[in-house]
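Engineer: I'd like to go over a predicted model; first the sequence, then the structure.
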Amino acid sequence: MSKRSAPPEFDVLISPHAPPPPISAVIGDSELQITLLGAGQEVGRSCCLIEYKGKKIVCDAGVHPAYTGLAALPFIDEVDWSEVDALLITHFHLDHAAALTYIMEKTNFKDGKGKVYMTSPTKAVYRFMMQDFVRISNTSTEDQLFTEAEMIASWRSINVSDFNQETVPCAGVRFTPYPAGHVLGAAMFLIEIAGLRILYTGDYSREEDRHLHAAEVPKEQTDVLIVESTYGVQTLENRLDKEKRFTELVHSIIRRGGRVLMPAFALGRAQELLLILDEYWAKNPDLHTVPIYYASSLARKCMAVYQAYIRTMNASINRRFDAGENPFQFRFISELGDIKKFQDKGPCVMLASPGMLQSGASRELLERWAPDPKNGLVICGYSVEGTMAHSIVNEPDEITGLNGQKIPRRLSVDYISFSAHVDFTQNAQFIDEVKPQHIVLVHGAQINMSRLCAALRSRYSERGVDVKIHMPRNTEPLRLEFKPEMTAKAIGKLAAQPPAAGQTLSGLLVNKDFTYTLLDPADLRDFTGLATSTIVQQQRVALNVSWELVRWHLEGMYGTVQEGFDKEGTPTMRIMGTIDVKQTDKTEVTLEWVSSSTNDMIADSALALILGIETSPASVKLTSTPCNHDHVDGSSPHSHPNSHSHPHAEVPPTSFVDAKAAALAHMATRAARIERLVAFLDAHFGNVQEAEEALEPPPKEGDGGAEGVGEGAAEGESEGEGKEGESEVKAEGMGEGEEEGKAESPKGEVVVVPVLKVKVDEHEVTIDLESLNVRSDYEPLRKRVETVVDLALTTITPLATAVSSSGSAAPPLDSEPKGAREARVDAVVERIETLPEDVAEEKPEGVKAEGGVAKTE
């Protein structure tokens, strides 16, 4: 069984002059609002609220490493968390994820329908990181934000969304995680709301290191880029030079008999440093007796997570793993779960958490080793302002212990950044590839962010590129106006034939979750599950006037009406092809129409006209004038067709009994229109003359012979019928008495057409009555006359011709009452059956033979 092929489809631009009706939103329909609840001109407690089209998305929920307790949280009181549709966590670092449990358990977030998303590795590591965070926080009940039980409860409800996997958290919103480098499982999120794309990078790295990929650049066009500015305009040294300087520095401290302290987070840069040290120790036999410790209560668990997700790492790690080697089973590194078990004897290297030296094993060892000048402190990551790691880089003479005592600082302090953040060069290149309209800088100290903002503005100003750069403060909303180009996807019958470029398509526009689909109404149920319905409206009016008088008034207003019978045999007049006026009783008429904005307007006008017929002076005059002839059929005066024609009526040829009468009426109508046009022009310019001009006819396809009469004769028409057809054609553009003046040569080389000439001063304008083209050598006068002609046509054209209705087409009217044809055929058959057998071949009355086919009359 073959697979069902997907239906054809293509994108269609929705006219910017007539966009679909907007969907009401909490903020402006075209306004994007970005509010930083943290990391606004600071590093720490990253939390970004994005609002657009009534949707609310929050990216990251971290704590500030320089503060404790409630002071470390983002400004969460600025948000009604029950209205948040999705909360996206980029990676497991505390400054991006540690406030998540508090938001999920201590706010009204759980009262709403919002969901939390992160990648698989992030969720695995996050649990262990939070357990350690809770353990450290338990040292002070004032600083404890939540319990481990609350953390576990919230962790279970976290949803996983892995790289390059599109997720739809709610109607109208979708996001896709992309690898961000930085740490295992780190993601940047491309968020799309109603066609607007926002890329939130979080922390990212564009340099592939020993175990992680570089950040991936999304291929989709991005409107707004929310990007980190951690290092501002700094340019960091390349990885190989940095590794060489790092290993030489560690080796020199070991040679002088000292201990090396490297504060690092339990996961992230610690694994990168361990890979570098293990490889360096293997190449230097003199270091084999010097121990390297990985001091973290999460050491064993963290390494197990890295081994479980080894396939998410770069090609170098995967090659070693495929060769049977586990890169994270180190030869020269020992795990140290409890610092109390550490025997502090002789030189060693110690990687200890936390990375900011605020507490824990790293702070305890710093206070112990600070007085000895043989020891060395190597800061390997970014340090946040307000932390011990940030202040000690300035090499103060003494530091303050956790107990408040002053401790002399004699150990050496060096800073070598292995922080997996982009520098200025990498950040600028990434922004160039993304090509956003707006750049929002976050996660950076104010001075670094300001320098980066100035550098980027100068960069794009020199290129002549209009890119807006913003650096909002915490809790200060940034409002950006967007009116994106809207497109609809054409599917079904509309997509069967691809249109030409610039072609206008007409169909039914369906809006669902900010996505527009254009389709044929017949495809609505198949593609959307929706159904259409038609509303037929009726209005009954009591009316004590004749049916003929109603027709007279309707023709006067609308120019022409179509007469006939509906399916029930009720006499009906149709106005403008859509409003039916039915004679449902001798003293009642019923208006019936398919409801639409245009049809309702026409129906209102028809109803107002009908309600005024009885009191109209014209009605009184018509009904009080006696006929000057007898009604042999016994009908009442003014009840037969065309007994009185309204002066503004346009009587269709089908209302006449023969072609000659129709042609004469049509000619009279054309002549009347030309007379009105002449009157219009005369009122404006005062000098209008009728004339004739000989014109070169347009080239004809085929043999170029004369058309019309000759063709009619070839089809078997009589000579008289051909002449009548000729007079009708000539009457199309001429007044009375011009028939003889219009002629065509046998070869069709010259044709004479009627024209109007308007003379103003020394300038003359010619109006072709066949095409209504206006010609003149004097352009201002030509345009003026053309405007007057357009005004005249608008005035003298009947409403039935000038205005087109909308909505479903009404069913065609019958020319005879219901059953009339059937009754006539039954009568003919009955006559044939009653004929004697010997005369059965004779034609019965009412039947004539034409071309071998019997037809009834």
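Structural biologist: That came through fine. Numbering: from 1, shown residues only.

Engineer: show me where the stretch 351-500 of the chain has helices.
Structural biologist: Using DSSP state H, counting those that start in this stretch, the helices of the stretch 351-500 of the chain run over 360-369, 388-392, 424-434, 446-463.

Engineer: how about stretch 212-226: buried residues?
Structural biologist: Applying a neighbour-count criterion of 16 or more other Cβ atoms under 10 Å, one finds 212, 213, 214, 215, 216, 218, 222, 223, 224, 225, 226 buried in stretch 212-226. Quick note: C-beta positions are derived from backbone N, CA and C, even for glycine.

Engineer: Which two among those are spaced furthest apart?
Structural biologist: 212 and 223 (28.2 Å; Cβ to Cβ).

Engineer: thinking again about what came up before, closest to residue 96 among the buried residues of stretch 212-226?
Structural biologist: For the buried residues of stretch 212-226, the nearest to residue 96 is residue 226 (13.3 Å; Cβ to Cβ).

Engineer: Can you list the low-confidence ranges for the stretch 201-350 of the chain?
Structural biologist: 266, 297, 299 (pLDDT under 70).

Engineer: where do the helices sit along it?
Structural biologist: Using DSSP H, counting those that start in this stretch, helices in the stretch 201-350 of the chain cover 239-255, 269-283, 299-308, 315-322.

Engineer: Which pLDDT value goes with residue 833?
Structural biologist: At residue 833, the pLDDT value in this model is 59.

Engineer: which secondary structure elements does the longest strand anywhere in the chain contact?
Structural biologist: The longest strand of the chain (DSSP state E) is strand 751-760. On a contact count with 3 or more Cβ pairs under 8 Å, 6 or more residues apart in numbering; DSSP states H and E, strand 751-760 meets helix 659-685, strand 688-695, strand 763-768.

Engineer: got a list of what the spatially closest residue to residue 439 that is not a sequence neighbour touches?
Structural biologist: Nearest residue to residue 439, sequence neighbours excluded (Cβ to Cβ, 6 or more residues apart in numbering): residue 469, at 4.7 Å. The contact partners of residue 469, by Cβ atoms under 8 Å, 6 or more residues apart in numbering, come to 438, 439, 441, 453, 456, 457, 460.

Engineer: avg pLDDT for the longest strand of the chain?
Structural biologist: Averaging pLDDT along strand 751-760 gives 84.

Engineer: Over to stretch 378-392?
Structural biologist: On average, stretch 378-392 scores 87.

Engineer: Kindly check the end-to-end length of it for me.
Structural biologist: 11 Å (Cα to Cα, to the nearest Å).

Engineer: neighbouring contacts of that stretch?
Structural biologist: 42-44, 64-67, 95, 230-231, 246, 249-250, 260-265, 269, 273, 355-358, 363, 366, 377, 393, 399, 409, 413-419, 421, 445.

Engineer: out of the residues you listed, which are buried?
Structural biologist: Here, 16+ other Cβ under 10 Å leaves 42-44, 64-67, 95, 230-231, 246, 249-250, 260-265, 269, 273, 355-358, 363, 366, 377, 399, 409, 413-414, 416-419, 421, 445 buried among these.

Engineer: okay, how far is it across stretch 491-498, tip to tip?
Structural biologist: 10 Å.

Engineer: centre of the chain versus that stretch, how much separation?
Structural biologist: Distance of stretch 491-498 from the chain centroid (Cα atoms, centre = their mean, to the nearest Å) equals 20 Å.

Engineer: So which bits of it are buried?
Structural biologist: Those buried within stretch 491-498 under the rule 16+ other Cβ under 10 Å are 491, 492, 494, 495.
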